[in-house]
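K.L.:
What follows is a predicted structure for the sequence shown.
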Amino acid sequence: EGRIVLGARVAPIGSGLVLILVDDRTQARRVEEVRRDFVVNVSHELKTPVGGLALLAEAVQDAADDPAAIARFAGRMKTETERLTRLVSEIVDLSRLQTSDLLADMVVVDVAACAEQAVDHTHLLAGHRDVLALTTQDPRLLRVYGDHELITTAIRNLVSNAISYSEDSTRVSVVTRRVGNLVEVAVTDQGRGISLSDQERIFERFYRVDAARSRSTGGTGLGLSIVKHICDNHGGEVTVWSQEGEGSTFTMRLPAALDDLPVGALAPHRP
Ligand code: ADP
C-alpha cells in the first residue's frame, strides 16, 4: 500500500524473475535507524572522555597539597580535552558530509596539490618516517570536480593513519596518477596491515581494530568513514588492499575533470 518512490527492481532468481517493490516507508525506516545508531554511538563515544575528565577533576581536588600530582593530572586533562575536541569536530564534519547540498558548487581541483598539502599537514606526526607525495604526470591530468579542502582532508586522514599504524623509519608514499577517466590517490605504508575481516569493517563509523591502541594515538574511529563520505560525495570511492605484517594501501578514485579547464573553474555538471 505504500507509495512507490524508488520504483521497482527486477532481480533474477533461479530461472525466473522476481519483482521487488521498494516503498518509501522502508526507506524512511532505514534512514531513521542509521540516525538512531549514530546518536547512540556518539553519546557512547562522548561519555568516555567526559567521564575521564570528571575523574581527573576529582583527583585534582583530592591532591590539593601535592603540586606534582596536580601537574600530572592537569596534563592528562589536557590530552583528554584535545581528544574530545577532535571527536566533536569530526562528528560535526561527518554529519555535514551526510547532507548532500554541501557540494552544490563544485570547482576544478588540483589533486596533486591536495596530496602535497596533506603531507605537509602531517609533518609533525611523521617522526622519522619518510612521507612522500609523488606524481610523474602532467598536473592537468590530475584534476577533479569538487572541494579542495575536503579532498585534502580525506588524503590527510589516510596519511595520518599510515603514520599512526606503522613504525618509525618506514616509508609512507602518496602517489597521485591518472588512470583512464579517474584520478587515483594511493597511500601506502609499511605498517602492521589489516586482516581481511577487519578490512570489511574499518570504514564503519567508530570501528577500530584495536580500540586501546587507537585511543592512545588519539584515534576516534571516524577518520576512514569521513574519507568514505568525501569520496562518495565526489562520485568516487575508496578501497583498501592490505597484507598483515607487510603494510596497507588505501586508494581513492575520483572522476577526472575535463583536461582543458583551469583550477577553480566551475564544474559544468555534478559527477
Ligand atoms: P582511527 O581514528 O581509530 O584511526 P579510522 O576510521 O581512521 O579510525 O580507522 C579505523 C581503524 O582502521 C583504525 O582503528 C585501525 O585499526 C585501522 N586502520 C586504518 N588505517 C590503517 C593503516 N594504514 N594500517 C593499519 N590499520 C589501519
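P.N.:
On my side now, so go ahead. Residues are numbered from 1 along each chain as shown.
K.L.:
Could I get the contacting residues of the residue of the stretch 1-150 of the chain found nearest the ligand?
P.N.:
Here the residue of the stretch 1-150 of the chain nearest the ligand is Glu90; by Cβ to the nearest ligand atom that distance is 8.4 Å. (C-beta placed from N, C-alpha, C; glycine too.) Each residue near Glu90 by Cβ atoms under 8 Å, 6 or more residues apart in numbering is listed here: 220, 222-223, 226.
K.L.:
Please enumerate the strands of the stretch 1-150 of the chain.
P.N.:
Listed in chain order, the strands of the stretch 1-150 of the chain (DSSP state E, counting those that start in this stretch) span 4-13, 16-23, 107-110, 130-134, 143-146.
K.L.:
Which one of those has the poorest average confidence?
P.N.:
Among these, strand 4-13 carries the lowest mean pLDDT, at a mean of 54.
K.L.:
wouldn't Ala162 be in contact with Ser242 here?
P.N.:
No - under the criterion of Cβ atoms under 8 Å, Ala162 is not in contact with Ser242, lying 11.1 Å apart.
K.L.:
ok, those two, which is more surrounded?
P.N.:
Set Ala162 next to Ser242 and count neighbours by other Cβ atoms under 10 Å: Ala162 wins out with 28 against 20.
K.L.:
From the ligand, how far out is that one?
P.N.:
Relative to the ligand, Ala162 is positioned 5 Å away (criterion: Cβ to the nearest ligand atom, to the nearest Å).
K.L.:
What strand or helix carries that residue?
P.N.:
Under the assignment given by DSSP states H and E, the secondary-structure element containing Ala162 is helix 148-164.
K.L.:
What average pLDDT does that helix get?
P.N.:
Helix 148-164 shows an average pLDDT of 96 in the prediction.
K.L.:
Check stretch 264-271 too.
P.N.:
Rounded to a whole number, the mean pLDDT of stretch 264-271 is 75.
K.L.:
can you tell me which residues contact the closest residue to Ser242 other than its chain neighbours?
P.N.:
Sequence neighbours aside, Ser248 is the residue nearest to Ser242 in space, at 3.8 Å (criterion: Cβ to Cβ, 6 or more residues apart in numbering). Ser248 is in contact with 162, 165, 188-189, 191, 193-194, 240-242, counting by Cβ under 8 Å, 6+ apart.
K.L.:
Would you reformat those residues as JSON lines and include distance to Ser173 and secondary structure?
P.N.:
As requested, these are exported to JSON lines (distance: Cβ to Cβ, whole Å; DSSP: H, G, I helix; E, B strand; the rest coil):
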{"residue": "Ala162", "distance to Ser173": "9", "secondary structure": "helix"}
{"residue": "Tyr165", "distance to Ser173": "15", "secondary structure": "coil"}
{"residue": "Thr188", "distance to Ser173": "5", "secondary structure": "strand"}
{"residue": "Asp189", "distance to Ser173": "8", "secondary structure": "strand"}
{"residue": "Gly191", "distance to Ser173": "12", "secondary structure": "coil"}
{"residue": "Gly193", "distance to Ser173": "16", "secondary structure": "coil"}
{"residue": "Ile194", "distance to Ser173": "18", "secondary structure": "coil"}
{"residue": "Val240", "distance to Ser173": "15", "secondary structure": "strand"}
{"residue": "Trp241", "distance to Ser173": "14", "secondary structure": "strand"}
{"residue": "Ser242", "distance to Ser173": "15", "secondary structure": "strand"}
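K.L.:
Taking the residues you listed together, which two end up most distant?
P.N.:
Tyr165 and Trp241 (14.5 Å; Cβ to Cβ).
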